[in-house]
Every structure is written in structure tokens, then in C-alpha cells.
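Novice: Sequence and predicted structure are below.
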Amino acid sequence: MIRINEISLSLDEEESLLVDKAAKILKINKKYISALKIAKKSVDARKKDDVHFKYSVDVDVLLDEKQILAKCKSPKAQPGGEYSYEMPENKRKSKYRPIVVGFGPAGMFAGLILALGGLCPIILERGRDIDARTSDVDNFFKNRVFCENSNIQFGEGGAGTFSDGKLNTGIKSPYIKKVLQELHEAGAPDEILYSAKPHIGTDRLGVVVKNIRRKIERLGGEVRLGAKLEELIAYNGFIQGITYSQHGKSHDIETDCVILAIGHSARDTVEMLYRTGLEIKQKAFSVGARIEHPQELINKAQYGRFAHHPKLGAADYKLSCHSLHERGAYTFCMCPGGTVVPAVGEAHSMTVNGMSTLARDGENANSALLVGIEPKDFPSEHPLAGIYYQREIERRAFEIAGKNYRAPAQLAGDFLKGIKSTGLGNVNPSCPTGVTLTNLELCLPGSVCAVMKEAIVQMGKKLEGFDLYDAVLTAPETRSSSSIRIMRDDLLQCRIRGVYPCGEGAGWAGGIVSSAVDGIKCAHAVFDDRH
């Protein structure tokens, strides 16, 4: 197999021409190419008068590969090879089944790998199955009836299930391919295997999550839904078992292995772990708001005259500003054609996130506009001070918006002027529980607002229209990452041996793919069985 990079196609050229272009680079007749597979596809919009696609492809040839590469001498061509995940050697001798707490991306993939290795894990998820959860979320959107353990944060699939389903990540790991392959096998679209910015979409994520659960169960694993971890049982520094509640009853399980993939919103569980004696440290996180623009505006800003080309779809962006009041600001989790959703995980609070379907065909584009918060900004040195800081912001937002699960919102232009918004412009906010127009400075920290204001102006110079007066800011965005880190050593275990803090909630990942990868790493550590 030969990998060929940097093949360009215009928007009007068909992908069938990739064979011709690959043959030209390799300096062979295309009849000698027996197979071609797209390895990566991206949009190159750096020049607005020449928006086109870039490809990397893998080709099989009927000739000697080494001779072809030596002859063509192209820097675009190099030896390739198919990725193949290898299960680690199972050194575990224990008679006990491993426990995984949480069925978000980290818990799913930890459980899946353990099941593939024959360890028959028991996975506890405090929320409901994906169908019941979806019904609860819909009821919350329509009637603002909040369900404590079945919402956008809790339930089968974790918080990522009600999101854009973005699969791009900044980490480097060979396990990324394994994650994408398993998601694809479970029903994610083909393009996640080669898109430079892969995503699944919330309308497909439910099917994917359900299929992964069914695979784990076929392999001998067990997913117990509505099962909330209540206590770790430890003796002499080693885990002995756990207590969990389900359907109003308490249950104990004896085990010597617990993977804690609890997610970033299980604050009551974190408090229990802290009382149990796990070492927890403060961690920086970010605070801000979702900013909504007409998707058409973003398309024109990014694609120019090609904005309406049917092959392009909804445009995205990624912006950052540094050295603003000694802080930075950046856009995060941009959702083309998406919706701002009330990502509430606790009663009487408000926080928002972004969500979009696979088609990304909504009227608005939205993105988080975030400002970094360092531990020095926390109200105390208590390890959980960041959680309490987040909670304070979220409860204040709930109150100023009317205590009814509407989200506080403000026009970007009014926010820059520091005045309360009294009416909407030409951007219709998409939050399904509705918004209450107000002044966001009543709920967001003053230092955060100051940086956001300067960032909107600067980002407007980088992306035309970003500083649109009528753009809608909906707040607060507080759950982009965890504000704590549950410490672990080189064996991925905490001070209670046999307990593996895992994923985003434990502070070791951020996003669907990195969390899934961390789940795989923790499963591998269980196979290694060292204490």
C-alpha cells in the first residue's frame, strides 16, 4: 500500500479523478492501481477565490511498491499500511469482574475493550437508556420538566450524546483509529474514517451508543442502567468492592478493580470520592457563553463566492485571541447549523452547550466563546473549589433568567456596550427552553466579561461578521472541561489501589475521542494487573 498526500480536487471535480491524479504522481498507468481508498479529506479555504478539497489516499498497486516510490521521487508519496488494533496480553488473574462507573465515551470504550478481552465487565450508569433519556430530554425542552438522573449530562452515552458528536481531537494516539472504527461499526457515517473534521451528529449518536452497548452485552459484559455509585469500599489501601443504588435499593459488589469514568458533571460522586480520601487537585477550566450567528453569514465569511456550493455544506471556524487582560479567549465546540441547548445537570441551575445533527442544516451557527479560569481565580484552595465556582455561576444564571430553565441571553452589541438587551435583531436564538434577555454581566464574572468583549472585537477582524451587533450570546457555558483532577500514577491508579480515574470527569481527557482513548488506556492497565 502507498499513501499519497496533498491531492487537490476542485469543487466541481468528481472523486473518480483521484485514481488519475494518483497515477500521475506515481508516474504509472492507472490500470496498475487495483484499489484506492480515501484516508483523509478536508476543505482548503485559505484562498477565498480558490476553495477546493484536499485528499490523502491509500492505493494498492499491481507493481513493486518500492520501485514505484524510488522512480516517482514524489514527496507526496510514501509507504502506507492498514492500522490494526492489537489486544494486549491479559495478565489478570483475579476471579472478580471489573467494574466501570459511567457509560459515556470513556466508560463505553473501557467496557468494550474489557469485554473484548473476555473480562465480562459490569458497567454502572446512573441515567436511563438512550430511548428513555431522549424522551426525558425532549420533555425538558418542551415543558421544562427537569429529570435529575436523565438529562443532557446523565444517561446512556454520556454528555457527548447530545452534542455535535465531534470526533476531532488534539491528542496523538494510535487508539484513535480503534475508536473511529468501533463508532463506524456501530452505525456512525463512513466519513468519520477519513474526514479531517469528523462528526456524527446527535441524531445518529443514539443509535451508535445503543449498538456499542449491545456489543458489550454480546461479549459477556453487563450494563446496569439507573445504577448510581454510592460508595467505594476499601481496606488497607486496596479496593474491596462498591455500593450502588438502583430502583431505590442498595447493592454491594465485591471487586478488586474499578474504572471511574464518571463524567464532568457527577459532582455528588466527586464529593463522595473526596470524602473517601482520593487525592483530588484543582484544575483550570473555562467560562463563557454560546454565540449564535446566521449560518449564511459564516458560510460567506469562510467560503466567499463558493458559499452556496452543494458539496461544501455548513462552514465552521476556530478562533483565538491571546494576551487579553493577561488571559486568553477562544472559540470551542463550534456547531455549524446547530442549536444551543440547556445542558442542565443539576436542578435550579443553568448551563448551555451546542448540539447539531449530522446534516448540520439549522438556521444558525453557534460556538462557545470561552475564557480561561485558573485555580488562582477560585474562591478558595479547597480541591473542589472549581466545582463550587461553576455551580455559583450556573445558579445565578438560573435566577436572572426567571428560575424556569430559560437561559439568559444578550445581543453581542449590547454586551459590548454593557447594556441590557430589550429586543432581538435578525438572529433568532435556538435554545429550545427559550431565553430571557438580560445583561450577562449579572451572571458571568467581571474578568471573563472584559476578556470576552475584547475578543469579540478582535475576532470580528479575523472572521467578517463575528462581531455582528445582533449576534446572540447565551450563557453560561461552564462545562467545557472538568475543574478537578483525580490524581493517578503511572499505572493509572489512584491512592486506593485497583481504582482507575478515567476520562474527562477525572480530568484526564477533554472530548469524545480523547475520553474514549483514555478508557482504552485504563482497560489496558487492568489487563496488565499491576498494583
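Specialist: Nice, thanks for sending it over. On a predicted model such as this, the values are computed, not experimentally measured, just so you know.

Novice: all helices of the stretch 151-300 of the chain, in order?
Specialist: Assigned by DSSP state H, counting those that start in this stretch, the stretch 151-300 of the chain shows helices spanning 175-185, 202-218, 267-276, 295-303.

Novice: Any buried residues in the second one, and which?
Specialist: Within helix 202-218, the residues that count as buried by 16 or more other Cβ atoms under 10 Å are 202, 204-206, 208-213, 215-216. Where C-beta positions appear, they are placed from N, C-alpha and C, glycine not excepted.

Novice: about what we covered before: what's the closest of the helices of the stretch 151-300 of the chain to Cys502?
Specialist: helix 267-276 (12.5 Å; Cβ to Cβ).

Novice: now what about that closest one, what contacts it?
Specialist: 101, 228-232, 234, 260, 262, 280, 345-346, 383-384, 387, 391, 484, 486, 496, 505 (Cβ atoms under 8 Å, 6 or more residues apart in numbering).

Novice: go again using 10 Å as the cut-off
Specialist: Helix 267-276 has contacts (Cβ atoms under 10 Å, 6 or more residues apart in numbering) with 101-102, 126, 228-234, 260, 262-264, 266, 278-280, 345-346, 382-384, 387-388, 390-391, 482-484, 486, 494, 496, 499, 501, 505-506.

Novice: The stretch 301-450 of the chain: strands as residue ranges?
Specialist: Under the criterion DSSP state E, counting those that start in this stretch, strands of the stretch 301-450 of the chain are mapped to 320-324, 327-335, 339-342, 352-355, 364-373, 407-411, 435-437.

Novice: Can you tell me which of those is nearest to Asn299?
Specialist: With Cβ to Cβ as the criterion, Asn299 lies closest to strand 364-373 of the strands of the stretch 301-450 of the chain, at 8.5 Å.

Novice: what angle do the closest one and strand 327-335 make?
Specialist: For strand 364-373 against strand 327-335, the angle by axes from the mean of the first three to the mean of the last three Cα atoms, to 10 degrees is 150 degrees.

Novice: for this protein, which strand is longest?
Specialist: Scanning the chain for the strand with the most residues, using DSSP state E, yields strand 33-44.

Novice: May I see the buried residues of that one?
Specialist: In strand 33-44, counting by 16+ other Cβ under 10 Å, buried: 33, 36, 38-39, 41, 43.

Novice: and it, how far out from the chain's middle?
Specialist: Relative to its parent chain, strand 33-44 has a centroid offset of 26 Å by Cα atoms, centre = their mean, to the nearest Å.

Novice: which strands and helices sit next to it?
Specialist: strand 2-10, helix 17-26, strand 52-61 (3 or more Cβ pairs under 10 Å, 6 or more residues apart in numbering; DSSP states H and E).

Novice: So for Lys376, which of these sits nearest?
Specialist: strand 52-61 (42.4 Å).

Novice: what does whatever helix or strand comes next after that closest one rub up against?
Specialist: The first helix or strand that comes after strand 52-61 along the chain, using DSSP states H and E, is helix 65-72. Contacts with helix 65-72, where a contact means Cβ under 10 Å, 6+ apart, come from 1-2, 4, 24-28, 32, 59, 61, 63-64, 74, 77-80.

Novice: Buried ones among those?
Specialist: Counted by 16+ other Cβ under 10 Å, these give 2, 4, 25-26, 28, 59, 61, 74, 77, 80 as buried.

Novice: Relative to Leu416, which of these is nearest.
Specialist: Closest to Leu416, out of all of the buried ones among the contacts of helix 65-72 and judged by Cβ to Cβ, is Ile4, at 48.0 Å.

Novice: Retrieve the pLDDT associated with that closest one.
Specialist: Looking at Ile4, its pLDDT stands at 96.

Novice: any idea how far it is from Leu69?
Specialist: Distance, Ile4 to Leu69, by Cβ to Cβ, to the nearest Å: 10 Å.

Novice: which residues do the two both contact?
Specialist: 26, 77-78.

Novice: what would the residues you listed look like in TSV with pLDDT and distance to Ile298?
Specialist: Compiled in TSV, those are given as follows (pLDDT from 0 to 100; distance: Cβ to Cβ, whole Å):
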residue	pLDDT	distance to Ile298
Leu26	96	38
Ala77	93	36
Gln78	94	35
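
Novice: Would you agree Gln315 is in contact with Gln295?
Specialist: That one is not Gln; residue 315 is Ala. Yes. In terms of Cβ atoms under 10 Å, Ala315 counts as a neighbour of Gln295; the distance is 7.7 Å.

Novice: can you tell me which residues contact Val457?
Specialist: Val457 touches 321, 416, 466-467, counting by Cβ under 10 Å, 6+ apart.

Novice: what touches both of Ala315 and Gln295?
Specialist: In contact with both Ala315 and Gln295: 307, 336-337, 360, 365, using Cβ under 10 Å, 6+ apart.

Novice: give me the low-pLDDT residue ranges for this protein?
Specialist: 323-325 (pLDDT under 70).

Novice: Asp138: what secondary structure?
Specialist: helix (DSSP: H, G, I helix; E, B strand; the rest coil).
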